[in-house]
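Colleague: Sequence and predicted structure below; questions after.
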Amino acid sequence: MTDQWNVTRLPDQTGRTAVITGANSGLGLATAEALARAGAHVVFAVRDLARGGAAAAKVGGSTEVRRLDLADLDSVREFADAWDRPLDLLINNAGVMMLPEQRTKQGFEMQFGTNHLGHFALTNLLLPYVTDRVVTVSSGAHRFGDGVIHFADVNLRGRYTPVRAYAQSKLANLLFTLELQRRLTEAGSPVRALAAHPGYAATNLQSHSANPLARAVMAVGNKVFAQTDKAGALPTLYAASQDLPGAAYVGPAGLGEMRGAPTLVGRSAASSDPEAARRLWTLSQEMTGVSWGLKPVSRP
């Protein structure tokens, strides 16, 4: 039963390779630890090689560290260009949350550029190597803000707020998963695209909020209400290992999806809109210069 699922029920991962973005701390590190302990070879895709190396050294099992800065599309391409072997599992975990207004190297709004565009580009560039599934970490916050993608200006110039930008990026994660699965199915690929969210998990993301009061409130919440990062990683691990339908969305089973064992959860109507998903895909291709990388599977 999904309400009893925990990390001890993670299937044997021996012989499998997983790339995890942002694996040096928080949810990413908890996910890496669990997969490596189950036998997977885990690639820490991180901005800081020293921090990534220190984190990987504490993880038992087979690991390696490669540099990846999702806020720089040149770095994304360098990472993908260096990849040359089958990849069972790509976990798009890294993210930034409710930052003061900033821009990526290519000039995109930082939260949309990192949380969505960086992973969009990485996934498409690595997709020819992926053999099993892509799991993208979203958030219940996809319902916050305006609840839509601001297609007229996703960079939110003159309309930026940390919450609006974060919510848009997390909504984009779900729409990306929806359209990715549609394209995989259309191409005849066995690869599945899934999404997960951790509920309220204590990580270092909350410490970067643009609002000092919000940082203080979340610091208290992390100590009093939040579940651990290991518990927060369970939905990702469930999505990465269980026989679930493509485009499935996994989160905690508890009240308000804040904590608890992983299960399939609902999402906003906006995040289930296939037309918005297609439109976002087209826009993302234009912004990143990265196109769909799979050819249809030939059939007899």
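Modeller: The structure has been received and is ready for your questions.
Colleague: Could you tell me how many residues sit around residue 62?
Modeller: Residues lying near residue 62 (other C-beta atoms under 10 Å) number 14. All C-beta atoms are positioned from the backbone trio N, CA, C, and that covers glycine.
Colleague: Phi and psi next, for the nearest residue to it once chain neighbours are set aside.
Modeller: Nearest-residue entry for residue 62: residue 41, 4.2 Å, with adjacent residues in sequence omitted and distances by C-beta to C-beta, 6 or more residues apart in numbering. For residue 41, the backbone dihedrals (degrees, to the nearest 10) come out as phi -90, psi 120.
Colleague: Tell me the spacing between residue 41 and residue 241.
Modeller: Counting by C-beta to C-beta, to the nearest Å, the gap from residue 41 to residue 241 is 15 Å.
Colleague: neighbour-wise, which of the two wins?
Modeller: Each of residue 41 and residue 241 has its neighbours counted (other C-beta under 10 Å); residue 241 has more, 23 against 19.
Colleague: Look up how far residue 195 lies from that one.
Modeller: Remark: distance between residue 241 and residue 195 (C-beta to C-beta) = 15 Å.
Colleague: Likewise for residue 63?
Modeller: Relative to residue 195, residue 63 is positioned 25 Å away (C-beta to C-beta).
Colleague: Just the helices from the stretch 101-250 of the chain, written as ranges.
Modeller: 110-111, 119-126, 162-186, 212-224, 229-232, 234-241 (DSSP state H, counting those that start in this stretch).
Colleague: so which of these comes closest to residue 83?
Modeller: Evaluated over the helices of the stretch 101-250 of the chain, closeness to residue 83 peaks at helix 119-126, with 6.0 Å, by C-beta to C-beta.
Colleague: So what's the gap between that closest one and the chain middle?
Modeller: Distance of helix 119-126 from its chain centroid, counting by C-alpha atoms, centre = their mean, to the nearest Å, is 12 Å.
Colleague: Show the secondary-structure elements that that helix is packed against.
Modeller: Applying 3 or more C-beta pairs under 8 Å, 6 or more residues apart in numbering; DSSP states H and E, we find helix 119-126 packed against strand 17-21, helix 73-81, strand 87-92, strand 130-137, helix 162-186, helix 274-288.
Colleague: so can I have TSV of the ones you listed showing mean neighbour count, mean pLDDT and distance to residue 45?
Modeller: Shown next, in TSV, are the helices and strands packed on helix 119-126 (neighbours: other C-beta atoms under 10 Å; pLDDT from 0 to 100; distance: least, C-beta to C-beta, whole Å):
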stretch	mean neighbour count	mean pLDDT	distance to residue 45
strand 17-21	26	98	5
helix 73-81	18	98	7
strand 87-92	25	98	9
strand 130-137	24	98	13
helix 162-186	23	98	17
helix 274-288	17	98	17
